[in-house]
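Peer 1: compute the structure for the input listed below.
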Amino acid sequence: MMVLGEVTLIGGGPGAADLMTVRARDALAIADVVFYDRLAPTEGLREWAPAAELYDVGKRPGHRRVAQEDIQAMMTDAARSGRRVVRLKGGDPFVFGRGCEEVAACRDAGIPVTVVPGITSAIAVPAAAGIPVTARNVSKSFTVISGHDPLSEQELSGLAALGGTAVILMGVGTLGHTMAGLQRHGLAGETPVGIVERGFSADQRVLIAPLGEILGVAAEARLRSPAVLVIGEVVRLAATEPCSGEARSDTDSSPAVAGEQVIRAMAGAVL
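Peer 2: Okay, here's the model as predicted:
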């Protein structure tokens, strides 16, 4: 009789290998098969999961490498054959990661599933630039939004009126639509905007400008994904030096310092 395997759904954190949890590393160490995403930390994956078969199932902007339904079928089929399956995702699997769908697929198939949370880039990547999502007497709330698809007029209106801090993930492709829409719905053009590109990597950059100017700054800097957008007065608290420490790789003995380049187009960006 075939012994049923199991699935562990892991959030790998914001990208730096040493920001993965101990529990995540433990699960990888005994995995028989790993299905990993584009933004998951993978530079040491062969070392972390020495006995596992590795499958890249990451989705990229503009095209899909493997359909979501196929990923779920691959996971459940592998677990049915008695193997220990790890699904490795970037950030936290329940923050725009479709983790809930993958858990539901496992449960429908009668396969035991465990979730290992990860540090979400919505909080960690702004922190790498010294931008807190909340700050006393500045912002007492924050909203996390997916910018993968253009926001509707109703969503833009609500966001412009909400106050606090707005954090937008996957928002580079819709940046123009979002910035224009927020101004159209009454958000002041002087509102500070920070964009942290490739957070926690050796190539980390921080762009800071008023809402009305951020498109020009982003275009001149040739902004690319992945990047996290932060809108609100907390951006004025951005550090003059990087707060991410060193972007370390377990396979690299000479770590590069992340976040060295900060592009500012806003006077008085630091309070």
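
Peer 1: confirm that residue 157 lies within a helix, as I assumed.
Peer 2: Yes - checked against DSSP: H, G, I helix; E, B strand; the rest coil, residue 157 lies within a helix.

Peer 1: who's in contact with it?
Peer 2: When contacts are counted by Cβ atoms under 8 Å, 6 or more residues apart in numbering, residue 157 touches residue 185. C-beta here means a position set from N, CA and C on the backbone, and glycine is covered the same way.

Peer 1: so residue 209 is in which element?
Peer 2: According to DSSP states H and E, residue 209 maps onto strand 205-210.

Peer 1: and what of residue 101?
Peer 2: helix 99-108.

Peer 1: paired strands for the strand holding residue 209, with orientation please.
Peer 2: strand 192-197 (antiparallel), strand 261-264 (parallel) (DSSP bridges).

Peer 1: let me know the pLDDT of residue 243.
Peer 2: Residue 243 carries a pLDDT value of 60.

Peer 1: residue 270 now?
Peer 2: Per the predicted model, pLDDT is 40 at residue 270.

Peer 1: do residue 43 as well
Peer 2: Reported pLDDT for residue 43: 89.

Peer 1: just to revisit the earlier point, show me what the next helix or strand after the helix holding residue 101 is packed up against.
Peer 2: Sequence order places strand 113-116 as the next helix or strand after helix 99-108, per DSSP H and E. Counting contacts by 3 or more Cβ pairs under 8 Å, 6 or more residues apart in numbering; DSSP states H and E, strand 113-116 packs against strand 6-11, helix 22-29, helix 99-108.

Peer 1: and the helix or strand following strand 113-116, what other elements does it pack with?
Peer 2: Next helix or strand after strand 113-116 toward the C-terminus (DSSP H and E): helix 121-128. When contacts are defined as 3+ Cβ pairs under 8 Å, 6+ apart, helix 121-128 sits against strand 165-169, strand 192-197, strand 227-231.

Peer 1: turn those strands into JSON lines, including distance to residue 94, mean pLDDT and mean neighbour count.
Peer 2: Below are these laid out as JSON lines (distance: least, Cβ to Cβ, whole Å; pLDDT from 0 to 100; neighbours: other Cβ atoms under 10 Å):
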{"stretch": "strand 165-169", "distance to residue 94": "13", "mean pLDDT": "98", "mean neighbour count": "24"}
{"stretch": "strand 192-197", "distance to residue 94": "22", "mean pLDDT": "96", "mean neighbour count": "27"}
{"stretch": "strand 227-231", "distance to residue 94": "17", "mean pLDDT": "97", "mean neighbour count": "27"}
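
Peer 1: closest to residue 67 out of these?
Peer 2: For residue 67, the closest of the helices and strands packed on helix 121-128 is strand 165-169, at 21.5 Å, according to Cβ to Cβ.

Peer 1: dump that closest one to PDB, keeping only the CA atoms.
Peer 2: Only the C-alpha atoms of strand 165-169 are listed here, as PDB (Å, rounded to 0.1, in the frame of the first residue of the first chain):
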ATOM      1  CA  THR A 165       0.300  54.500   4.000                       C
ATOM      2  CA  ALA A 166      -0.300  52.600   0.800                       C
ATOM      3  CA  VAL A 167       2.000  49.800  -0.200                       C
ATOM      4  CA  ILE A 168       1.700  48.500  -3.700                       C
ATOM      5  CA  LEU A 169       3.200  45.200  -4.800                       C
END
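
Peer 1: sheet-wise, list the partners of that strand with their directions.
Peer 2: Paired neighbours of strand 165-169 in the sheet (DSSP bridges): strand 142-146 (parallel), strand 227-231 (antiparallel).

Peer 1: give me the contact list for it.
Peer 2: Under Cβ under 8 Å, 6+ apart, the answer for strand 165-169 is 95-96, 121-123, 126, 133-134, 139, 141-148, 159, 178, 228-234.
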